[in-house]
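Undergrad: Just a sequence and a predicted model for now, questions to come.
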Amino acid sequence: MRAQLANVKAGFMGKEPDDPDVQNAVSEFLTKIRQHTGLFVERAPRRYGFMHLTFEEYFAARWLVAKPREAAKRIRNHLHRPRWEEPILLAIGFYGMEFPDDVSDLVEQTILGKDLGGPSPYEEILHRDLLFALRVLGDQDVSAPLRKRIVNGAYKLWMDEEGAGKYKPLRKRLEHNIQSIQASEGGNDLNHLLRNALRNGDETTRASAASAFCSITLSADTVAELLVALRDRNALTRACAVHALSNVSTPSIVANALLSALRDNDGYVRTRAAEALGNVTNHPEVITALVATLFDEDDDVRSRVASVLGNAINQPNVVGALLSAIQDRNEDVRARAAEALGNAKAQPEVNIALLNALHDESEYVRVPVANSLRNAVSHPEIISGLVATLRDQSEYVRACAADVLRDATTQPETVTTLLRGLDDEDEDVRALSAYALRNAVTQTEVVADLLITLRDKSAYVRANAAGALYNATTQPQVVTALLSALHDKDKSVRAIAADTLGNATTIPEVVIAILATLRDEDSFVRASAVEALGNAIAQPQVLSALLSMTGEIDAFVRARVVESLQNTTIQPQVVTVLLSALGDKDEFVRNSSAKAISYLVRQPGNIAPTNLAKQLVSSLNLPGMDTPSWNPPRDYLFDALMAVAPGPKV
């Protein structure tokens, strides 16, 4: 900045930029700006910046439209660059104030590309121009034809759930931008389209329209339409209408309608109604209805009601109802009731019920029961009950009990009990006592006993002791013991030792030892070594070793390799490996690769190769990009493409 100022000042003074008079004038100017205006600060020696981002955005916006004839090209050339979004919106606002009759033409040119090269790259996939045009409508009035064209485009994209609008990240952005126009004429237009769609003859269209209202501020007219939709013949439409009505700013207005929906003949609608009524649990009649619904014939409905009542635990009759529900015939209802009772702040009758429920026939219930005792773990009888649960026949229940005890090791009696557990004759108790002591390794006695436990006759116990020492790897004797455990005869011990040593990769001999473990005969051990080395991937020998493992025969190891690559920077060989892994025969590897690519390209300072956008577009059409359906690779790749796709150039 100083050099630029010197050039400008030299021109005014008729001297060279390095002339002492010019330099003194620049210094005086910077001092005044820094000390008296509050605009600039010296962020580093001879490097200045605006004190607040708002100033920077304001002046950038002013520059964009300073020359009206150049405004369209200037804005278009900076479109879809994250740092320029706010300045562009502000610039269009400035332009609209000065040239209200011409602002629509500016938007068509700068945002939609009319006469300036057409749509932005990959618009048919990313819809960036449309999304940004929606944002403009939230702040700026444009001509009715242009406004309706933008709104119609957004409406069609939302309704096309199986086609152009199938990407979850795209739908999230669309939801956000739709919300931003609600107070504008564009919002009125969109609400009108959606309300008409609620009366469409196609039930899928009606359901999609109802779901759109879930993310929109509802007007009185829209609420009226949704109340009508509660009587739709299609259950999905009714359920979506219920969900949308749960967002009414004054829930009590629709409480009676939701109470009626709680008696719908379709279980899914009743479930949604129970969720929606969770926003109005301060009404006694709502609590009464929800408590009564704990006797609904549908298991899913009773389960959801139990969860909802957990957020109203202090309301009259709720605890009593949940204490009954914890004995329901359905295990899911009992489990949700147990979770809800965890909010009861350790009431004596609740503690007794939960301790009894630790003996429920279903492990699916015993797990949340153990977790709900977390708030009462200061009571000796609770500690005893949880320690006894370390002998449970289910590994999941045992693990949950150990986890709860781990979080209670700030209490001396818990630590004492767990240290005794290290000598128990039952290997499950010894192993999980070791695990539970993980948060107590600041105590010398605990570390000493865990190091002894690393030599236990049971591999299960040794493995848990190795894991418990994770936060003690700053201690030399611990590192030495774990390096030895890398050669244990049992694969689980070696794997956990490698994982724990991942917390000590600043030590050269640790890195060397883990690199050697990449050649272990067991794939689980190799995968753990890969994960541990992810913390040291900045070291050239580590990155080289991991890249060489992309041909690993085991899919689990390959997945761990591509996951670890997200911890590095964008480099040609890394990009090549990740793009190649998108075609892997294993869906876990494909998903891990797509996730790693998305993460890498969105990190500050990472500059993507110029051809990456084209490669990502091609990858979107590879087989397997839609599975698993709940979290498909295509959504990660869409996010990555959104980050690297170039903006339009004029």
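TA: Looks like it came in fine.
Undergrad: Secondary structure element holding the nearest residue to residue 102 once chain neighbours are set aside?
TA: The shortest distance from residue 102 to any non-neighbouring residue, by CB to CB, 6 or more residues apart in numbering, is to residue 95 (7.6 Å). In short, each C-beta sits where N, CA and C put it, glycine included. Under the criterion of DSSP states H and E, residue 95 resides in helix 85-98.
Undergrad: cool, residue 268 as well?
TA: Under the assignment here (DSSP H and E), residue 268 is part of helix 267-277.
Undergrad: Which other helices and strands does that helix contact?
TA: If you count contacts as 3 or more CB pairs under 8 Å, 6 or more residues apart in numbering; DSSP states H and E, helix 267-277 packs onto helix 235-245, helix 255-261, helix 284-293, helix 299-309.
Undergrad: which residues sit against the third one?
TA: Helix 284-293 has contacts (CB atoms under 8 Å, 6 or more residues apart in numbering) with 255, 259, 262, 270, 274, 277, 280-281, 301-302, 305, 308-309, 312, 315-318, 321.
Undergrad: quick one: that helix to chain centroid distance?
TA: 34 Å (CA atoms, centre = their mean, to the nearest Å).
Undergrad: That helix: which residues count as buried?
TA: Residues of helix 284-293 classed as buried by neighbour count (16 or more other CB atoms under 10 Å): 286-287, 289-291, 293.
Undergrad: Alpha carbons only: can I get it in CSV?
TA: Only the C-alpha atoms of helix 284-293 are listed here, as CSV (Å, rounded to 0.1, in the frame of the first residue of the first chain):
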residue,chain,number,x,y,z
PRO,A,284,-51.3,-27.7,29.9
GLU,A,285,-53.7,-29.1,27.3
VAL,A,286,-50.7,-30.0,25.1
ILE,A,287,-49.0,-31.8,27.9
THR,A,288,-52.2,-33.7,28.7
ALA,A,289,-52.6,-34.7,25.0
LEU,A,290,-49.0,-35.8,24.7
VAL,A,291,-49.1,-37.9,27.9
ALA,A,292,-52.3,-39.5,26.6
THR,A,293,-50.5,-40.3,23.3
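Undergrad: how near is residue 646 to residue 114?
TA: Between residue 646 and residue 114 the distance is 19 Å, computed by CB to CB, to the nearest Å.
Undergrad: again, but for residue 353
TA: 68 Å.
Undergrad: Output the helices and strands packed on helix 267-277 as JSON lines; include the columns mean pLDDT.
TA: Below are the helices and strands packed on helix 267-277 laid out as JSON lines (pLDDT from 0 to 100):
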{"stretch": "helix 235-245", "mean pLDDT": "95"}
{"stretch": "helix 255-261", "mean pLDDT": "94"}
{"stretch": "helix 284-293", "mean pLDDT": "95"}
{"stretch": "helix 299-309", "mean pLDDT": "97"}
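Undergrad: Let me have these in CSV, adding distance to residue 381 as columns.
TA: Below are the helices and strands packed on helix 267-277 laid out as CSV (distance: least, CB to CB, whole Å):
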stretch, distance to residue 381
helix 235-245, 42
helix 255-261, 41
helix 284-293, 29
helix 299-309, 25
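Undergrad: quick revisit: how far off helix 284-293 does the helix holding residue 268 point, in degrees?
TA: Interaxial angle of helix 267-277 relative to helix 284-293 (axes from the mean of the first three to the mean of the last three CA atoms, to 10 degrees): 140 degrees.
Undergrad: contact partners of helix 267-277?
TA: 235-236, 238-239, 242-243, 245-246, 251, 255, 258-259, 261-264, 286, 289-290, 293, 296, 298, 300-301, 304-305, 308.
Undergrad: Quick one: buried ones out of those?
TA: Looks like these have 235-236, 238-239, 242-243, 245-246, 251, 255, 258-259, 261-262, 264, 286, 289-290, 293, 296, 300-301, 304-305, 308 buried, using 16+ other CB under 10 Å.
Undergrad: for the spatially most central residue of the chain, what are its contacts?
TA: With distances taken as CA atoms, centre = their mean, the residue of the chain nearest its centroid is residue 169 (11.3 Å). By CB under 8 Å, 6+ apart, the residues touching residue 169 are 635, 638-639, 642.
Undergrad: Which one of those is nearest to residue 338?
TA: Among the contacts of residue 169, residue 635 lies closest to residue 338 (CB to CB), at 33.7 Å.
Undergrad: any idea how far the closest residue to that closest one other than its chain neighbours is from residue 121?
TA: Nearest residue to residue 635, sequence neighbours excluded (CB to CB, 6+ apart): residue 168, at 4.7 Å. Distance from residue 168 to residue 121, counting by CB to CB: 22 Å.
Undergrad: What are the boundaries of the helices in the stretch 451-600 of the chain?
TA: 459-468, 476-485, 491-501, 508-517, 523-533, 540-547, 555-564, 572-581, 587-601 (DSSP state H, counting those that start in this stretch).
Undergrad: Would you mind pulling the contact partners of the fourth one?
TA: Looking back up the chat, that one is helix 508-517. Applying CB under 8 Å, 6+ apart, the contact partners of helix 508-517 are 479, 483, 486, 494, 498, 501-502, 504-505, 525-526, 528-529, 532-533, 536, 539, 541-542, 545.
Undergrad: how about a cut-off of 7 Å?
TA: The contact list for helix 508-517 (CB atoms under 7 Å, 6 or more residues apart in numbering) reads 479, 483, 486, 498, 501, 504-505, 525, 529, 532-533, 536, 539, 542, 545.
Undergrad: Over to stretch 465-474?
TA: 434-435, 437-438, 441, 447, 450, 453-454, 456, 478-479, 482, 485, 493, 496-497, 500-501, 503-504.
Undergrad: pLDDT at the residue nearest to residue 635, what is it?
TA: Residue 168 carries a pLDDT value of 95.
Undergrad: so it makes contact with residue 634?
TA: No. If you go by CB atoms under 7 Å, residue 168 and residue 634 don't touch, sitting 9.0 Å apart.
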